[in-house]
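J.: Structure, please.
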Amino acid sequence: MNTFKKGMCQLLRFAVLEARCCAFAVALVGGIAVSKLLPGLPVARYDLLLLYGVGLTVLAWRLGWDSGRDVAVIAGCHAIGLLFELVKVRMGSWSYPEDALTKFGGVPLYGGFLYAALGSYVCRAWHLLDLRLSGYRPRTTAVLAGAVYVNFFSHHWLPDARWVLAALLLAATAGTWVRFRVGGSDHRMPLALAFVLIGFFLWVAENAATYVGAWSYPDQLDGWQPVSLAKFGAWALLVTVTFVLTVRGGQGHAHGASGRNPRSATRKNRTFFVRDRGHRATVEISCSRGSH
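T.: Alright, predicted model coming up:
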């Protein structure tokens with residue numbers, strides 16, 4: 001009974017930490033939902049959402065939830081996401097049907113915040129869950145993540161290589177573990193499983209986002225329908241791009257698990273890459289333990 005009670009307490013702690021990691025994404029989707037309910041606005045809804053997204057980013061930085069490095073990573077995700085959107089909207093994969101001043105090539109600038117929200121989640125998880133990687137191949141994973149990103153464009157003209165890339169990513173991440181801390185206990189899971197789980201919850205979030213009018217797939221223009229389950233696999237692959245950006249963004253030098261500014265931490269974080277003959281790396285992130 002004590003074991004069950006302890007397990008449930010750990011699960012509750014983990015759920016609370018995950019909710020904190022998702023704060024930006026939840027606030028963004030919530031703002032999109034509320035914007036649909038507002039009466040006649042003096043500005044276009046997409047323009048208002050752009051201001052809202054910028055405001056959320058500044059607020060998170062000012063509150064110390066995100067460091068300067070985190071904001072840089074999030075901005076990088078925003079830029080990469082906008083490029084992705086421009087190509088996909090042009091190819092007819094989905095659309096933003098409303099008008100806006102800040103809309104270029106059929107894509108409103110706020111659209112990049114949907115990818116920035118994913119970047120925010122990964123950065124927050126890195127701090128709040130005290131993530132550590134073992135057996136990580138940084139170069140191989142980065143190259144494959146880049147190939148995944150390019151394939152999402154090129155499959156419109158060339159054969160779709162996503163299944164080949166998925167198999168290569170499984171091979172590259174074999175033996176790679178994500179260690180994380182909940183309360184006073186350490187846990188671990190395979191990195192590939194983490195990608196799959198994040199991809200599933202992104203698919204769930206995408207259903208919520210399309211329901212509140214963030215964007216629309218062709219089969220949703222005449223009424224909302226659930227997003228194809230195939231998008232689950234697409235998100236599981238695409239999250240590797242954000243993950244690589246976060247690792248290369250130097251999360252080991254960001255603020256600790258408390259979410260406070262680095263100046264308030266009792267111990268600075270450091271990242272150690274220890275390479276062996278197999279070109280793997282062990283990444284150890286030492287965070288302040290004060291506020292798990």
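
J.: dump the residue contacts of the residue most central in space within the chain.
T.: Nearest residue to the geometric centre of the chain (Cα atoms, centre = their mean): residue 118, 2.2 Å. Shown in contact with residue 118 (Cβ atoms under 8 Å, 6 or more residues apart in numbering): 25, 77, 202, 239, 242. The C-beta positions use only the backbone N, C-alpha and C, and glycine is treated the same way.

J.: please redo it, this time with the cut-off set to 6 Å
T.: residue 242 (Cβ atoms under 6 Å, 6 or more residues apart in numbering).

J.: what is the rounded mean pLDDT of the strand or helix carrying it?
T.: Taking DSSP states H and E as the definition, residue 118 sits inside helix 113-128. Helix 113-128 shows a mean pLDDT of 91.

J.: Kindly export that helix (C-alpha atoms) in PDB.
T.: Taking Å, rounded to 0.1, in the frame of the first residue of the first chain, the C-alpha atoms of helix 113-128 are listed here in PDB:
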ATOM      1  CA  PHE A 113       4.400  30.700 -32.100                       C
ATOM      2  CA  LEU A 114       2.900  27.300 -32.400                       C
ATOM      3  CA  TYR A 115       6.400  25.900 -32.900                       C
ATOM      4  CA  ALA A 116       7.800  28.400 -30.300                       C
ATOM      5  CA  ALA A 117       5.400  26.800 -27.800                       C
ATOM      6  CA  LEU A 118       7.100  23.400 -28.400                       C
ATOM      7  CA  GLY A 119      10.500  25.000 -27.900                       C
ATOM      8  CA  SER A 120       9.200  26.500 -24.600                       C
ATOM      9  CA  TYR A 121       8.000  23.100 -23.500                       C
ATOM     10  CA  VAL A 122      11.400  21.400 -24.100                       C
ATOM     11  CA  CYS A 123      13.300  24.300 -22.500                       C
ATOM     12  CA  ARG A 124      11.100  24.200 -19.400                       C
ATOM     13  CA  ALA A 125      11.200  20.400 -19.200                       C
ATOM     14  CA  TRP A 126      15.000  20.600 -19.300                       C
ATOM     15  CA  HIS A 127      15.000  22.800 -16.200                       C
ATOM     16  CA  LEU A 128      12.000  21.600 -14.200                       C
END
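
J.: just so I have it, where are all the helices in the stretch 101-250 of the chain?
T.: For the stretch 101-250 of the chain, helices defined by DSSP state H, counting those that start in this stretch occupy the ranges 113-128, 138-154, 162-172, 191-211, 230-248.

J.: Point out the most buried one among the ones you listed.
T.: Mean neighbours per residue, mean count of other Cβ atoms under 10 Å, is largest over the helices of the stretch 101-250 of the chain for helix 113-128, with a mean of 26.

J.: okay, now the closest residue to residue 153 other than its chain neighbours: neighbour count?
T.: Ranked by Cβ to Cβ, 6 or more residues apart in numbering and with sequence neighbours excluded, the top spatial neighbour of residue 153 is residue 87, at 5.1 Å. Around residue 87 there are 15 other residues, counting by other Cβ atoms under 10 Å.

J.: Three-state assignment for residue 87, please.
T.: Here residue 87 is helix, with the state taken from DSSP: H, G, I helix; E, B strand; the rest coil.

J.: Low-confidence ranges, the stretch 151-292 of the chain, go.
T.: Low-confidence segments of the stretch 151-292 of the chain (pLDDT under 70): 249-292.

J.: now with 90?
T.: The stretch 151-292 of the chain contains residues with pLDDT under 90 at 155-156, 183-185, 205, 209-224, 228, 230, 245-292.

J.: just how off-centre is stretch 49-56 within its chain?
T.: 17 Å (Cα atoms, centre = their mean, to the nearest Å).

J.: pLDDT averaged over that stretch - what is it?
T.: Computed over stretch 49-56, the mean pLDDT rounds to 95.

J.: just stretch 8-15 next, same as before
T.: 91.

J.: Need the contact partners of it.
T.: Under Cβ under 6 Å, 6+ apart, the answer for stretch 8-15 is 182-183.

J.: buried set for it?
T.: By 16 or more other Cβ atoms under 10 Å, stretch 8-15 has no buried positions at all.

J.: related to what we said a few turns ago, how much space between the residue nearest to the centre of the chain and residue 220?
T.: Note on residue 118: its distance to residue 220, by Cβ to Cβ, to the nearest Å, is 21 Å.
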